[in-house]
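Student: below are the sequence and a predicted model; questions follow.
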Amino acid sequence: MSNRLEAHLTPKLILSACAALTLAYAVFSIHGFSISRWHYLDHSPESELLLGKSQGARADDWALWLPLAFAQIQHDPPFALRNDNIALGQNMALIVSAPVADPILFFRPAAWGFFVGPDFGMGWCWGVYVFGFIAAFHLLFMEISGGRSALSLVAAVALLFSPFFQFWGLNSAFLASSAAFGVVAAHRLVFATHRFEKWLYGIGLGWSAGAFSLTLYPPFQVVMGYFGLFTLVGLILRSLKQGRAIRWDREKRLGLLAALLLLGFAPLHLFQIARDAIALTGNTIYPGQRFTSGGTSSLWRIFSNNVYPHFFVRASQAFGGNICEAASFILFFPLVLCLLVHKSNRRAFAADPLLISLFAYLALLLGWNLLGLPESLARFSLLSMAPEHRTPIGFGVADMALVVALLGSPVTDALRFRSKLRRVAFFAAMLSPLLLLFLAVGRQDPQFFGSGALLQIALLLSAQLAIGFLLARKNLMALLVFAALNVLSTAWFNPVVHGGFEPIWSNPVSAKIRELDAARGGRSSWIVFDDLVLGQLPPMLGVRSLASVQFYPQTQFWSVLDPEHRQASAYNRFAHVAFQTRDDPAPIGMRSPSPDVCIVDIHPDDPRLLALAFDYVIQAGDARDALRRSPHYRRVADVGDFHFFERIRD
């Protein structure tokens, strides 16, 4: 990459472009959320789709996070801390996507746009995810590479389009970005010499750390927290070795104090406004009592995405049953290690604290995945909150940091292949473990041996050989090829969407809900039978739903249905709560088919159900006799596959 390009791609230009593009996404309501899945209500054309198609696997977005954000907009009053339309009332401070009129919002910029409107909010949120990520990792990779702007920008784009971030709908992008911003701010604060910089980086560190603490997903927070710690220590030690000095004067101490105050305010304020909800969450089976001691993963699982044909194998039971759980990173750190321990680079490697620190971090992750820790040490280190299948984010980010460090290092040498035989030996040394990896991964699922899958795997292997050769030569084209490979492998997944809230608001099912709610003075309460996600619809319209997502178990709600708490294991969790129609009058049953789902099997005439305060029922699918023949309900409408019943009070 030419010096002229490096000179033009200044950090100010990159940051300004990222800010402008985020605003443009918001103004034009452009995003990549699969919100069009709600067209299943009336099977209408997905006219808001500009490119691609909506992904059912991204239910976390279209059936969870976005509906809760919309529910805040439609609530009366809007943006309330407690949303009374979610069952018997939900504290929204624990929900990172929910816009809340509270100081906690300062640390959650992805939710700011929803104060303007739902479509603006989706565009703003997606823009923050995409361009906040690029800005954060561009700055971090600048620190790692010694100021190589173009190199850092390409690396940030390559990381953004990795399978992990794309197939998870970028839902961990802000968490990773806040960690990256925090490392940059902390490193610059330590060595800052100007008063303005000391205050700027102090406040930036406090905001980043506070935002990171409020992402509220411990599995990723622990993994990325360790990445930030190891990377920061390595950067500081490398800077000291290069002759930079740390001088703690009054302004720097005040900057650090500002960082500590902001960091302390974020979790303390959250505890103040959501104490009861935090206590309930902490006592849940999932996620509150989730514990692991590690050691249950395998090398083939860690490196699986080097040979995983995502386009052709989208649902493999060996990888969690969907493309999101299978998503990870194409990893090059074993090759980077081999290049660094080569006789021409050993001395430079041993003298670089950052490289050593990054490899130490990867060794920690490998040990945790393959060997585990004793229970007491796992709890003390907090790794007990990071199941092995949630550690890929750490592998991928550290891997890219190492690639950037290698290519940006002025003291490491490129390998010289002075003969064809050496080139052949190099490619054979790279290809052999990849083929063994393919055989190990392919044994888990016969889909990997399909013709389309084999073609994609062949292209993956060919691209990795090219990238590996360019890395060995320290050719910056390696990152361009890496970025192109990731873009081609993942850009098809998330759609390009313009808006998308209007079809949710105006479809016939929603129109009927709003009509019946208006007939009750806008204070009706609803139950949904036989549909896992439809219970999220009424709150998006400003109407109460008793079948919605409970981030923590609402004790008053469950005490009605299960007064003896005999089935608490089914509902003592974060869960999508759904009611299933039972035609026979058998006792109520509760089950949790997956960690975040609670199914209540119940007859509509069950006295415990009737003890709940609700006015209407929506039953999805074929109309059930239990509702049609019940003396407690009157059928008032049929809209497509959905049947509306009004409750008849005694």
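Tutor: Alright, I've got the coordinates.

Student: where does this protein dip in pLDDT?
Tutor: Along the chain, the model assigns pLDDT under 70 to residues 1-3, 650.

Student: tell me where it has strands.
Tutor: 30-31, 49-51, 82-83, 90-91, 496-498, 525-529, 544-545, 549-550, 575-581, 589-591, 597-602, 616-620, 633-639, 642-647 (DSSP state E).

Student: and of the ones you listed, who's closest to Glu375?
Tutor: For Glu375, the closest of the strands of the chain is strand 575-581, at 26.8 Å, according to C-beta to C-beta. The C-beta positions use only the backbone N, C-alpha and C, and glycine is treated the same way.

Student: for the residue nearest to Leu280 when sequence neighbours are not counted, give me phi and psi.
Tutor: In space, Leu280 comes closest to Tyr552 once its chain neighbours are excluded; the distance is 4.0 Å by C-beta to C-beta, 6 or more residues apart in numbering. Backbone geometry at Tyr552, expressed as degrees, to the nearest 10, gives phi -150, psi 150.

Student: show me the contacts for Tyr552.
Tutor: Leu94, Ala277, Leu280, Thr281, Thr284, Phe574 (C-beta atoms under 8 Å, 6 or more residues apart in numbering).

Student: which one of the strands of the chain lies nearest to Arg379?
Tutor: Comparison of the strands of the chain against Arg379 by C-beta to C-beta identifies strand 575-581 as nearest, at 25.2 Å.

Student: quick one: list the elements packing against the closest one.
Tutor: Counting contacts by 3 or more C-beta pairs under 8 Å, 6 or more residues apart in numbering; DSSP states H and E, strand 575-581 packs against strand 525-529, strand 549-550, strand 597-602.

Student: repeat the analysis, applying 10 Å as the threshold.
Tutor: Counting contacts by 3 or more C-beta pairs under 10 Å, 6 or more residues apart in numbering; DSSP states H and E, strand 575-581 packs against strand 525-529, strand 549-550, helix 555-561, strand 589-591, strand 597-602, strand 616-620, helix 625-628.

Student: rebuild the ones you listed as a markdown table, extending it with distance to His643 and mean neighbour count.
Tutor: Shown next, in a markdown table, are the helices and strands packed on strand 575-581 (distance: least, C-beta to C-beta, whole Å; neighbours: other C-beta atoms under 10 Å):
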| stretch | distance to His643 | mean neighbour count |
| --- | --- | --- |
| strand 525-529 | 9 | 24 |
| strand 549-550 | 23 | 24 |
| helix 555-561 | 23 | 15 |
| strand 589-591 | 23 | 15 |
| strand 597-602 | 17 | 21 |
| strand 616-620 | 5 | 24 |
| helix 625-628 | 7 | 16 |
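
Student: got these as TSV, with distance to Leu461 columns?
Tutor: Listed next are the helices and strands packed on strand 575-581 as TSV, based on distance: least, C-beta to C-beta, whole Å:
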stretch	distance to Leu461
strand 525-529	48
strand 549-550	42
helix 555-561	52
strand 589-591	44
strand 597-602	38
strand 616-620	46
helix 625-628	56
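
Student: among those, which is nearest Leu160?
Tutor: Closest approach to Leu160 among the helices and strands packed on strand 575-581 is made by strand 549-550 (28.2 Å; C-beta to C-beta).

Student: tell me the buried residues in stretch 232-245?
Tutor: Buried residues in stretch 232-245, defined by neighbour count with 16 or more other C-beta atoms under 10 Å: Leu232, Val233, Gly234, Leu235, Ile236, Arg238, Ser239.

Student: and the closest residue in space to Leu159 that isn't next to it in sequence, how many neighbours?
Tutor: Using C-beta to C-beta, 6+ apart and skipping residues adjacent in sequence, the residue nearest Leu159 is Met400, 4.8 Å away. Neighbourhood size, Met400 [other C-beta atoms under 10 Å]: 25.

Student: so what's Met400 up against?
Tutor: 137, 140-141, 144, 155-156, 158-159, 162, 329, 331-333, 479, 482 (C-beta atoms under 10 Å, 6 or more residues apart in numbering).

Student: picking up where we left off before, with distance to Asn494 added, can I get the buried residues of stretch 232-245 in TSV?
Tutor: TSV is the format used below for those (distance: C-beta to C-beta, whole Å):
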residue	distance to Asn494
Leu232	31
Val233	35
Gly234	33
Leu235	32
Ile236	37
Arg238	36
Ser239	38
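
Student: can you flag which of those residues belong to helices?
Tutor: Leu232, Val233, Gly234, Leu235, Ile236, Arg238, Ser239 (DSSP state H).

Student: what sits against the closest residue to the fifth one other than its chain neighbours?
Tutor: In other words, Ile236. In this structure, Ile236 finds its nearest non-sequential neighbour in Val190, 5.9 Å apart by C-beta to C-beta, 6+ apart. Val190 sits next to 201, 205, 232, 235-236, 239-240, 244, 246-248, 252, 256 when contact means C-beta under 10 Å, 6+ apart.

Student: returning to that earlier point: looking at the contacts of Tyr552, which one is closest to Ala111?
Tutor: Closest to Ala111, out of all of these and judged by C-beta to C-beta, is Leu94, at 12.9 Å.

Student: Leu382 versus that closest one, what's the distance?
Tutor: As judged by C-beta to C-beta, to the nearest Å, Leu94 and Leu382 stand 19 Å apart.

Student: please tell me how far Phe70 sits from Arg544.
Tutor: Distance from Phe70 to Arg544, counting by C-beta to C-beta: 14 Å.

Student: more crowded one of these two?
Tutor: With other C-beta under 10 Å as the criterion, Phe70 and Arg544 differ in neighbour count, and Phe70 comes out ahead with 27 against 24.

Student: the more buried one contacts Ile86, doesn't it?
Tutor: No. Using C-beta atoms under 10 Å, Phe70 makes no contact with Ile86, being 11.8 Å away.

Student: which residues are common contacts for these two?
Tutor: Joint contacts of Phe70 and Ile86 (C-beta under 10 Å, 6+ apart) are Gln536, Pro539.

Student: one step back: looking at the contacts of Met400, which are in helices?
Tutor: Under the assignment DSSP H, those contribute Phe137, Leu140, Phe141, Ile144, Ala155, Ala156, Ala158, Leu159, Phe333, Leu479, Phe482 to helices.

Student: which among these gets closest to Leu13?
Tutor: The closest of the ones in helices among the contacts of Met400 to Leu13 turns out to be Ala156 (C-beta to C-beta; 14.0 Å).

Student: wait, Ala173 touches Ala135, no?
Tutor: No. Ala173 is beyond contact range of Ala135, at 11.4 Å (criterion: C-beta under 10 Å).

Student: who touches both of these two?
Tutor: Val128.

Student: what residues are up against Cys352?
Tutor: That one is not Cys; residue 352 is Asp. The neighbours of Asp352, taking C-beta under 10 Å, 6+ apart as the test, are Gly234, Leu237, Arg238, Lys241, Leu340, Asn345, Leu358, Ala405, Ser409, Val411, Thr412.

Student: sorry, slip of the keys, the one I care about is Ser162.
Tutor: Per C-beta under 10 Å, 6+ apart, neighbours of Ser162: 168, 305, 327-331, 392-393, 396-397, 399-400, 482-483, 485-486, 489-490.

Student: again, only using 6 Å
Tutor: Phe329, Gly396, Asn486 (C-beta atoms under 6 Å, 6 or more residues apart in numbering).

Student: look up the closest residue to the first one, ignoring the ones flanking it.
Tutor: The shortest distance from Phe329 to any non-neighbouring residue, by C-beta to C-beta, 6+ apart, is to Gly396 (3.3 Å).

Student: check the gap between the one you found and Trp368 for me.
Tutor: The value you get for Gly396 to Trp368, if C-beta to C-beta is used, is 15 Å.

Student: from Leu373, how far off is Arg58?
Tutor: For Arg58 relative to Leu373 (C-beta to C-beta), the value is 33 Å.

Student: those two: who's more crowded?
Tutor: Neighbour count, other C-beta under 10 Å: between Arg58 and Leu373, Arg58 has more, with 26 against 19.
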